[in-house]
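Trainee: sequence first, predicted coordinates after that:
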Amino acid sequence: MGVFNHCGQTRLGVLVLLAGLLLGNACSGAGSLNEAAYVVPEKIRLKNSTAQAARNIGELKSGDRVTITQRSKSEDGTPWVNVKAGNGQEGWAETKYFINEEIVVQSRKMADEIKGIQTQAIGKSKATLKLRLTPDRTTEDNVAAPLPAGTIMEIVSRERKPRPSSLDQKADSAEGAVSDSKQETKYDEWLQVRLAGLTVLPAGWIYGGSVELDIPGEILYFVSGGRRIVGWQKLGTVHGDDSRTGDHFLVLERKVSGADERADFDRIKVLAYDAPSRNYTTPFREDVIGRFPVTLKMEGQTGSFRTILLDKSDAKQELDYTVEISSNKVRVAKPAAQKTDKK
């Protein structure tokens, strides 16, 4: 998937809230500190004190590494820190604008590990939620930062884990946990995400229940009965005689109820745009037990997509389906199994 657009207001909200619960818990006006941290917002002003009438004495930008040397509070009780930057600047700013270096390092390491994985879907947070460094909510030690409602994210992988029995329904609702009502075991759905445009904390894990998928409007209503779209990638663009264009899509779906817990998706299909009718057809559809990621490679009108499928014994099969687009038609050919691997 390519780079996606989102409004500046949402991005600003992310930048302001990212460090909200990371550096503000312990405030002390005494002693000399040596804590490494990073600037979160696009720009911040350094002040000569914590007073309301303090002068601006410098400016830092997002991603700048600083050393926190002191902590204090302003007259209204707001936590502040004194920082030294690598370029020699030194001054005071509110604690919420900085994030601990260790958390930044872990998030960037994760982003580097998943940088070669194609985006499976685009999502948007429905409410404030926690970006975590691991898919685990039995502890708060793995919380990287809060993300505000409306945060746009690229989804690259998915996990479902049994819900910790010690957590109550109030916590479930607050963090967007989901469950399978037909089973005694309840599950938490986790999504590994990239946060485009945020170099400070570029990756992490979030609850899937608080994420609304931003499905392209042209295919939103072509979902199969009893299923929901969980992933999509564009195969190509059609140019009609009337100068209108439309896109072919590879679509991944999952049953709304009764789905195999192992499956990230259980149906693969192609939605092909028909220029004369300005509508979509389904030239290919197959029911599977599939796992993210699906890797699509298109060169002009031909290409392939690789899937990871599971059989009844949990053996993995990697299959490369070939794709050919001609005369605004899409043809998909299924190969034999290429690789088998036990979990």
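Mentor: Cool, the structure landed.

Trainee: how about residue 308, what does it touch?
Mentor: Neighbouring residues of residue 308 by CB atoms under 8 Å, 6 or more residues apart in numbering: 290-294, 316-318. Every residue, glycine included, has its C-beta placed from N, CA and C.

Trainee: partners of the strand or helix carrying it, with directions?
Mentor: Here residue 308 sits within strand 302-310, counting by DSSP states H and E. With DSSP bridges as the test, strand 302-310 is paired with strand 279-299 (antiparallel), strand 316-326 (antiparallel).

Trainee: now do that strand: distance to the chain's middle.
Mentor: The chain centroid and the centroid of strand 302-310 are separated by 22 Å under CA atoms, centre = their mean, to the nearest Å.

Trainee: state the mean pLDDT of it.
Mentor: Averaged across strand 302-310, the pLDDT comes to 96.

Trainee: before we move on, back to that, adding mean pLDDT, write the strands paired with strand 302-310 out as a markdown table.
Mentor: Output for the strands paired with strand 302-310, formatted as a markdown table (pLDDT from 0 to 100):
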| stretch | mean pLDDT |
| --- | --- |
| strand 279-299 | 96 |
| strand 316-326 | 94 |
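
Trainee: dump those to TSV, plus distance to residue 114 and mean neighbour count.
Mentor: As requested, the strands paired with strand 302-310 are exported to TSV (distance: least, CB to CB, whole Å; neighbours: other CB atoms under 10 Å):
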stretch	distance to residue 114	mean neighbour count
strand 279-299	9	16
strand 316-326	18	16
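
Trainee: hey, where'd the helices end up in the stretch 51-200 of the chain?
Mentor: Here the stretch 51-200 of the chain has its helices, by DSSP state H, counting those that start in this stretch, at 101-113, 169-175.

Trainee: ok, of these, where does mean pLDDT dip lowest?
Mentor: helix 169-175 (a mean of 52).

Trainee: and the residue nearest to residue 52 when sequence neighbours are not counted, how many neighbours?
Mentor: Leaving aside its sequence neighbours, residue 52 sits nearest to residue 75 (CB to CB, 6 or more residues apart in numbering; 6.8 Å). The number of residues packed near residue 75 is 8, by other CB atoms under 10 Å.

Trainee: same question for residue 79.
Mentor: Residues near residue 79, counting by other CB under 10 Å: 18.

Trainee: just to check, it is in contact with residue 68?
Mentor: No: when contacts are counted by CB atoms under 8 Å, residue 79 is not listed as touching residue 68 (11.2 Å).

Trainee: and the gap between the closest residue to residue 325 other than its chain neighbours and residue 251?
Mentor: Of all residues beyond its chain neighbours, the one nearest residue 325 is residue 301 (4.4 Å), with distances taken as CB to CB, 6+ apart. Going from residue 301 to residue 251 by CB to CB, to the nearest Å gives 19 Å.

Trainee: show me the contacts for residue 259.
Mentor: Counted by CB under 8 Å, 6+ apart, residue 259 has contacts residue 266.

Trainee: just to revisit the earlier point, surely the residue nearest to residue 325 is in contact with residue 236?
Mentor: Yes: counting by CB under 8 Å, residue 236 is a contact partner of residue 301 at 6.8 Å.

Trainee: what sits in contact with each of these two?
Mentor: Residues touching both residue 301 and residue 236 by CB under 8 Å, 6+ apart: residue 325.

Trainee: which one of those two has more residues nearby?
Mentor: With neighbours defined as other CB under 10 Å, residue 301 and residue 236 compare such that residue 236 has more, 19 against 13.

Trainee: contacting residues around the more buried one?
Mentor: Contacts for residue 236 (CB under 8 Å, 6+ apart) come out as 247-248, 298, 301, 325, 330.

Trainee: what's stretch 290-307 in contact with?
Mentor: Outside stretch 290-307, the residues that reach it (CB under 8 Å, 6+ apart) are 117-118, 120, 156-158, 231, 233, 235-236, 250, 252, 262-266, 268, 288, 308-310, 316, 318-326.

Trainee: burial count for residue 220?
Mentor: Neighbours of residue 220 (other CB under 10 Å): 11.
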